[in-house]
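A.B. asks: just coords:
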């Protein structure tokens, strides 16, 4: 099964996560995503990447039923998968825009924090990091992304209270740049990716901006 579809839109690669009704994550999906991102990192699209979800959800995070059924080896595989997938997102040298089309829970919030720009569709859905409530502590790479991606007070609130935010509330938390009409989400995200990519110093500035976090991620990944 393929969990990720790609579309080349005028040089911008649109990646769509697709897994059932809620776009939940599992080890196989994470490994496929990490391999896709590794390939994109080796040959970065000149006009950047847009990441979105199929249907009504961005992603509702790890499939809790799958996670509960994993043995010790499966749990290690799942942690390795989420580490590799998030590392791949965070290390992308090109522009990464998250086009959040619906609920973005747990790992979905970490994926948003890996992006250089986040647009969220207007709508009645939630964004958050409720790992504490789900009983799934943050793996090492997501923890690094969280440490560098959120202002400390919001990091504390979201990580320890499991509070969920409406899209417009997520702007104040620093997880979203702006909300846009759902019908405009992908087009505006592609436009933003291309605008940011047109800056001659973008890659160098992104490399500088992410150097410390990526060094910690590399140490975790053993690279």
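C.D. replies: Looks like it arrived, so ask away. Every value quoted in this text rests on a predicted model; they were computed, and no experiment measured them.

A.B. asks: Can you pull out the residues in contact with the helix or strand of the chain with the lowest mean pLDDT?
C.D. replies: Lowest on mean pLDDT, DSSP states H and E among the helices and strands of the chain sits helix 64-69, with a mean of 82. With contacts defined as Cβ atoms under 8 Å, 6 or more residues apart in numbering, helix 64-69 is touched by 24, 26, 75, 78, 134, 136. Placement of C-beta: from N, CA and C, glycine included.

A.B. asks: Name the nearest of the residues you listed relative to residue 220.
C.D. replies: Nearest to residue 220 out of those is residue 78 (Cβ to Cβ; 15.5 Å).

A.B. asks: Show me which residues of the longest helix along the chain are buried.
C.D. replies: Across the chain, the longest stretch assigned as helix under DSSP state H is helix 72-91. Neighbour counts over helix 72-91 (16 or more other Cβ atoms under 10 Å) mark 77-91 as buried.

A.B. asks: packing partners for it?
C.D. replies: When contacts are defined as 3 or more Cβ pairs under 8 Å, 6 or more residues apart in numbering; DSSP states H and E, helix 72-91 sits against helix 27-42, helix 107-114, helix 140-149, helix 211-221.

A.B. asks: I'd like the average pLDDT over it.
C.D. replies: When pLDDT is averaged along helix 72-91, the result is 95.

A.B. asks: which element follows that helix toward the C-terminus?
C.D. replies: Sequence-wise, the next helix or strand downstream of helix 72-91 (DSSP states H and E) is strand 96-100.

A.B. asks: Give the other helices and strands that that next one contacts.
C.D. replies: strand 49-53, helix 107-114, strand 117-121, helix 185-197.

A.B. asks: try 10 Å this time
C.D. replies: Strand 96-100 sits against strand 12-17, strand 49-53, strand 57-59, helix 72-91, helix 107-114, strand 117-121, strand 178-180, helix 185-197, with contacts defined as 3 or more Cβ pairs under 10 Å, 6 or more residues apart in numbering; DSSP states H and E.

A.B. asks: Tell me which of those lies nearest to residue 220.
C.D. replies: Of the helices and strands packed on strand 96-100, nearest to residue 220 by Cβ to Cβ is helix 72-91, at 6.6 Å.

A.B. asks: Next, the angle helix 140-149 makes with the closest one.
C.D. replies: With axes from the mean of the first three to the mean of the last three Cα atoms, to 10 degrees defining the directions, helix 72-91 sits at 30 degrees from helix 140-149.

A.B. asks: Can I get the contacts of helix 64-69 in a markdown table including distance to residue 112?
C.D. replies: Putting those into a markdown table (distance: Cβ to Cβ, whole Å) gives the following:
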| residue | distance to residue 112 |
| --- | --- |
| 24 | 16 |
| 26 | 20 |
| 75 | 25 |
| 78 | 20 |
| 134 | 17 |
| 136 | 17 |
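
A.B. asks: For residue 117, which residues count as its bridge partners?
C.D. replies: Beta-bridge partners of residue 117, counted by DSSP bridges, are residue 97.

A.B. asks: and it, what is it in contact with?
C.D. replies: Listed by Cβ atoms under 10 Å, 6 or more residues apart in numbering, the contact set of residue 117 reads 48, 50, 95-99, 176-178, 189, 192-193, 195-196.
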